[in-house]
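K.L.:
here's a sequence, model it:
(one chain, ligands or ions: 1)
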Amino acid sequence: MNQLEMKKAAAQAALQFVKPDTIVGVGSGSTVNCFIEALGSLRHQIKGAVAASKASEQLLVRQGIEVFSANDVSGLDIYVDGADEINPQKMMIKGGGAALTREKIVASLAKNFICIVDESKLVDVLGSTFPLPVEVIPMARSQVARKLVALGGSPEWRENVVTDNGNIILDVHNFKIMNPVEMEKNLNNIAGIVTNGIFALNSAATVVVGTAEGTKIIR
Ligand SMILES: O=C(CO)[C@H](O)[C@H](O)COP(=O)(O)O
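P.N.:
This next block holds a predicted model:
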C-alpha cells in the first residue's frame with residue numbers, strides 16, 4: 001500500500017464513527033479530502049457538516065453535504081481530521097495546510113476528535129520530523145519570530161501563504177516538544193500569535209491509522 005492508499009483506508013474506516021442525524025466536524029488536508037469523499041456515501045443519513053477550511057467546505061458542497069457555520073451549532077459529536085505528527089498520548093502537531101486555527105475552533109466544539117493518519121505520522125516526541133506551524137498576525141511577524149528564537153526555535157516564514165483568517169504562518173524548526181500541554185499554553189500567550197499547531201490540551205480520542213498491514217484503531 002502506498003501513502004495515499006493508507007490515507008484512503010483510514011478515511012474510509014473513520015465512517016464507522018459517524019452517527020446518523022448528526023452534524024460532523026470536518027478538518028482539512030489530503031487525508032480529510034479522502035474522508036469527505038467517503039462521507040458522500042452517508043449524505044442522506046447525516047444532517048451536514050461544519051468545515052475547518054474553505055477548501056473542505058467546497059468539497060463537502062460538491063458531495064451534496066450541507067455545510068453549517070461553527071456559529072450555528074452548540075456542539076458536535078465528532079470532529080474528523082488528519083495530523084502532521086501524533087504521539088502515543090494522541091497529542092498532535094497540525095497546521096501543515098495552514099488551517100490550524102479554524103481546526104482548533106471546530107475541534108473544540110466536538111465531544112471526540114477522530115484523527116485519521118497514515119503510519120508515517122506516528123512519532124514518539126512531537127517536533128521530531130515536522131516543524132511547528134504558528135499562525136501570526138502579520139504586523140507581529142518579526143517580534144514573534146524573535147521570541148520563538150529566544151525559546152530555542154528556528155522560525156521560517158511560509159511565504160506566499162495567507163490563512164483563511166488573513167494571517168501568516170511561521171514554521172518553527174528545531175523545537176523538541178517534551179511537554180506539549182505547557183508549550184501549547186505558553187506559545188498562545190505570546191502577543192501576536194493567534195494559534196500554535198500543538199493540539200495537546202484537546203488531544204484525539206481515537207486514532208485511525210492506515211498501515212501497510214491494514215487499518216489500526218487506537219482508542
Ligand atoms: O493540519 C492540517 C491542515 O492544517 C492537516 O490535517 C495536516 O497537515 C495533515 O495533512 P494531510 O492529511 O494532507 O497529510
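K.L.:
show me the contacts for the residue nearest to the spatial centre of the chain.
P.N.:
Residue closest to the mean C-alpha point of the chain, counted by Cα atoms, centre = their mean, is K94 at 4.7 Å. For K94, the contacting residues are 27, 81-84, 100, 103, 133, 197, 199, by Cβ atoms under 8 Å, 6 or more residues apart in numbering. Where C-beta positions appear, they are placed from N, C-alpha and C, glycine not excepted.
K.L.:
the chain: helices as residue ranges?
P.N.:
3-13, 30-39, 54-62, 100-107, 141-150, 180-188 (DSSP state H).
K.L.:
domain map for the chain?
P.N.:
Using automatic domain parsing, the domains assigned to the chain come out as 3-121+201-218, 132-195.
K.L.:
restricting to C-alpha, output stretch 23-40 in PDB.
P.N.:
Listed next in PDB are the C-alpha coordinates belonging to stretch 23-40 (Å, rounded to 0.1, in the frame of the first residue of the first chain):
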ATOM      1  CA  ILE A  23     -23.600  17.300  12.100                       C
ATOM      2  CA  VAL A  24     -20.000  16.100  11.600                       C
ATOM      3  CA  GLY A  25     -16.900  18.300  12.200                       C
ATOM      4  CA  VAL A  26     -14.500  18.100   9.300                       C
ATOM      5  CA  GLY A  27     -10.900  19.300   9.200                       C
ATOM      6  CA  SER A  28      -8.700  19.800   6.200                       C
ATOM      7  CA  GLY A  29      -5.800  18.300   4.200                       C
ATOM      8  CA  SER A  30      -5.300  15.400   1.800                       C
ATOM      9  CA  THR A  31      -6.500  12.700   4.300                       C
ATOM     10  CA  VAL A  32      -9.600  14.700   5.100                       C
ATOM     11  CA  ASN A  33     -10.200  15.100   1.400                       C
ATOM     12  CA  CYS A  34     -10.500  11.300   1.200                       C
ATOM     13  CA  PHE A  35     -12.800  11.300   4.200                       C
ATOM     14  CA  ILE A  36     -15.100  13.900   2.600                       C
ATOM     15  CA  GLU A  37     -15.300  11.800  -0.500                       C
ATOM     16  CA  ALA A  38     -16.200   8.700   1.600                       C
ATOM     17  CA  LEU A  39     -18.700  10.800   3.700                       C
ATOM     18  CA  GLY A  40     -20.600  11.500   0.500                       C
END
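K.L.:
quick one: it near the ligand?
P.N.:
Yes - among the residues of stretch 23-40, 27-31 lie within reach of the ligand under Cβ under 6 Å from any ligand atom.
K.L.:
include pLDDT and distance to R43 when you put these into TSV, please.
P.N.:
As requested, the residues of stretch 23-40 next to the ligand are exported to TSV (pLDDT from 0 to 100; distance: Cβ to Cβ, whole Å):
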residue	pLDDT	distance to R43
G27	98	18
S28	97	19
G29	97	21
S30	97	21
T31	98	20
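K.L.:
farthest pair within these?
P.N.:
Largest separation among the residues of stretch 23-40 next to the ligand by Cβ to Cβ: G27 and S30, giving 11.1 Å.
K.L.:
tell me who's in contact with the spatially closest residue to R141 that is not a sequence neighbour.
P.N.:
Spatial nearest neighbour of R141, excluding adjacent residues (Cβ to Cβ, 6 or more residues apart in numbering): I168 at 5.9 Å. By Cβ under 8 Å, 6+ apart, the residues touching I168 are 135-136, 138, 141, 157-158, 161-162.
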